[in-house]
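>>> Sequence and predicted structure, then a few things I'm wondering about:
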Amino acid sequence: MTGPVLGVIADDFTGATDIASMLVRGGMRVVQTIGPGAVPLIAAEADAVVIALKTRSIPAPEAVAQSLAALDALRAEKIPQVQFKYCSTFDSTPEGNIAPVSEALAAALGCSLIPHVPALPVNGRTVYKGHLFVGPALLHESGMQAHPLNPMTDANLVRWLGRQTRQRIDLADHQLLSQGPEALLTALERMRQAGALHVIGDAIDDDALSIWASALSDYPFFAGGSGLATPLASRLAETGRFAAQNTPPGFASETNGNTLILAGSCSAATLAQIEAFRDKGGQIRQIEPIALSEDPKAVQDLIDWASDALKSGPVLIHGSARQEDVAAAQRALGVGRAGQIVEAALSDIARSLVKLPQTGRLVVAGGETSGAVVSALGVAALRIGTEIDPGVPWTLALGPSGDRITPLALKSGNFGGPDFFLRTAWGNA
Ligand SMILES: Nc1ncnc2c1ncn2[C@@H]1O[C@H](COP(=O)(O)OP(=O)(O)OP(=O)(O)O)[C@@H](O)[C@H]1O
Ligand SMILES: O=C(O)[C@@H](O)C(=O)CO
């Protein structure tokens, strides 16, 4: 029982912290690295290593190259089991990147079957007969059909993945799962022998995920969301692969100073969390990309305001805006530039404020936003601590030589309850 038993390659930053948190729930000590560079530095202290990449929306050949480099880092640590983690809403386009990346990783590992388990029931993402639901709605009627980068216009995952590959795709459906892990394993082997490379897995609840976890506990490679992580970790502990721990570190309470929240996500969940913070009388400012593009000094003004405001309480700064305001900014500046202006401003604010004694901890909302802020702060790795809400843990951000940067929470846009910011700002998180 030495060294990590599971390695994860995640296609975005908040998705990486999501699965890292789910593995902690299952009793694992988990570290997350930003890219593969810090893996040799930190892997030895963990049961699972999660490598965060930013490959979800880049061209497939680049995503494949970066994912293979991450796999090399995991193999150098002799980690026996690997998951490719993608979004529980299967975020991808007809070009990829789920099929190209998973196929390249499977080939490098000598695996001829790729089980996919995207479901995350705790956050409402379930798969039935190969169709992905978000809460009560089919994926393509859930709002995801209007996603700016990867509009998800078909809930049938076998069909959707089929647009990304010529390989055969089979379905392991709910009825098969109900026969238990042995029957599932036998069926997977039969599908492999019949020529399938990919198998989309149903899972409508945590019981189904436990069956998947039992069936896959000896599989060297599989792909999917973070839902499988807790039951898999429990299964690996039960079978003696690592010694489970029950008390993850609570990094947020280790510092004085107030919470700084930076939000770039424009998701419904994040907008509601911002309103709850405002209703509670929290100190709050909005940044607007059009105004910023005309007055670059505005960022410094905000930094000056926030460094003072943080002395008396938590602060929230958001680019996040309603769809019509985002659309207006995108029309004026272009989609890419509008986003970059917000990301650059939030990154500058984080860089300036994080080192002040009045800043006790940092919360960032949104995957792209988190990627920008984490890069600006020079974060190389995160130790994963207690869970705030499903898929969102407190972490301790470390620099390239293991130096402490700040307690940090990275929140996927749609994750967290309405009081998420309140709890990170005023405690009980
Ligand atoms: N007012 C605004 N106008 C235009 N773009 C904005 C505005 N506010 C934020 N943005 C941009 O919108 C994008 C939001 O993406 P991000 O990945 O951070 O959130 P998300 O998609 O909700 O999160 P996740 O990927 O975790 O689901 C960022 O690039 C951000 O800079
Ligand atoms: O799987 C999820 O839903 C999240 O971890 C994520 O990747 C959101 O972008």
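Sure thing, it's come through. Ligands and ions are numbered 1, 2, ... in the order given.

>>> And the residue of the chain closest to ligand 2?
For the chain and ligand 2, the shortest gap (C-beta to the nearest ligand atom) falls at residue 15, measuring 2.8 Å. For the C-beta atoms, the positions are set from N, CA and C on the backbone; glycine is no exception.

>>> can you give me the offset of stretch 251-268 from its chain's centre?
In this view, stretch 251-268 has its centroid 17 Å away from the chain centroid, taken as C-alpha atoms, centre = their mean, to the nearest Å.

>>> anything in it near ligand 2?
No - interface with ligand 2: stretch 251-268 contributes nothing (C-beta under 6 Å from any ligand atom), its closest point being 9.6 Å away.

>>> Quick check: closest non-adjacent residue to residue 317.
Among residues not flanking residue 317 along the chain, residue 285 sits closest, at 5.1 Å (C-beta to C-beta, 6 or more residues apart in numbering).

>>> Pretty sure that neighbour sits against residue 306.
Yes - if you go by C-beta atoms under 8 Å, residue 285 and residue 306 touch, sitting 7.4 Å apart.

>>> Give me the more crowded residue out of the two.
residue 306 (22 against 14; other C-beta atoms under 10 Å).

>>> which element is that one on?
For residue 306, the element it lies in under DSSP states H and E is helix 298-309.

>>> is it fair to say the residue of the chain closest to ligand 2 lies in a helix?
Yes - secondary structure of residue 15 (DSSP: H, G, I helix; E, B strand; the rest coil): part of a helix.

>>> That one and ligand 1, how far apart?
For residue 15, the distance to ligand 1 (C-beta to the nearest ligand atom, to the nearest Å) stands at 7 Å.

>>> quick one, domains of the protein?
6-238, 256-378+404-426 (automatic domain parsing).

>>> I'd like those domains written out as a markdown table, with distance to residue 249 added.
Shown next, in a markdown table, are those (distance: least, C-beta to C-beta, whole Å):
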| stretch | distance to residue 249 |
| --- | --- |
| domain 6-238 | 9 |
| domain 256-378+404-426 | 10 |
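
>>> quick one, which of the ones you listed is nearest to residue 387?
Closest to residue 387 of the domains of the chain is domain 6-238 (C-beta to C-beta; 5.3 Å).

>>> quick one: that closest one to chain centroid distance?
12 Å.

>>> And stretch 283-298, by the same measure?
28 Å.

>>> Show me which parts of that stretch are buried, residue by residue.
Across stretch 283-298, burial judged by 16 or more other C-beta atoms under 10 Å covers 283, 284, 287, 288, 289, 292.

>>> Now do the fifth one, the pLDDT please.
Meaning residue 289. Listed pLDDT for residue 289 reads 96.

>>> looking just at contacts, which helices and strands does the helix or strand where residue 364 lies meet?
Element membership for residue 364 (DSSP H and E) is strand 359-365. If you count contacts as 3 or more C-beta pairs under 8 Å, 6 or more residues apart in numbering; DSSP states H and E, strand 359-365 packs onto strand 258-263, helix 335-353, helix 367-376, strand 404-411, helix 420-426.

>>> Just send these back as JSON lines, with distance to residue 299, mean pLDDT and mean neighbour count too.
Output for these, formatted as JSON lines (distance: least, C-beta to C-beta, whole Å; pLDDT from 0 to 100; neighbours: other C-beta atoms under 10 Å):
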{"stretch": "strand 258-263", "distance to residue 299": "12", "mean pLDDT": "98", "mean neighbour count": "26"}
{"stretch": "helix 335-353", "distance to residue 299": "5", "mean pLDDT": "96", "mean neighbour count": "20"}
{"stretch": "helix 367-376", "distance to residue 299": "12", "mean pLDDT": "94", "mean neighbour count": "24"}
{"stretch": "strand 404-411", "distance to residue 299": "20", "mean pLDDT": "97", "mean neighbour count": "25"}
{"stretch": "helix 420-426", "distance to residue 299": "22", "mean pLDDT": "97", "mean neighbour count": "23"}
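
>>> I'd like these written out as a markdown table, with distance to residue 272 added.
As requested, these are exported to a markdown table (distance: least, C-beta to C-beta, whole Å):
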| stretch | distance to residue 272 |
| --- | --- |
| strand 258-263 | 11 |
| helix 335-353 | 19 |
| helix 367-376 | 17 |
| strand 404-411 | 13 |
| helix 420-426 | 9 |
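
>>> The spatially closest residue to residue 291 that is not a sequence neighbour: what's it in contact with?
Nearest non-adjacent residue to residue 291, counting by C-beta to C-beta, 6+ apart: residue 298, 6.4 Å away. Neighbour list for residue 298: 287, 291, 292 [criterion: C-beta atoms under 8 Å, 6 or more residues apart in numbering].

>>> Before I go, just wanted to say thanks for your time.
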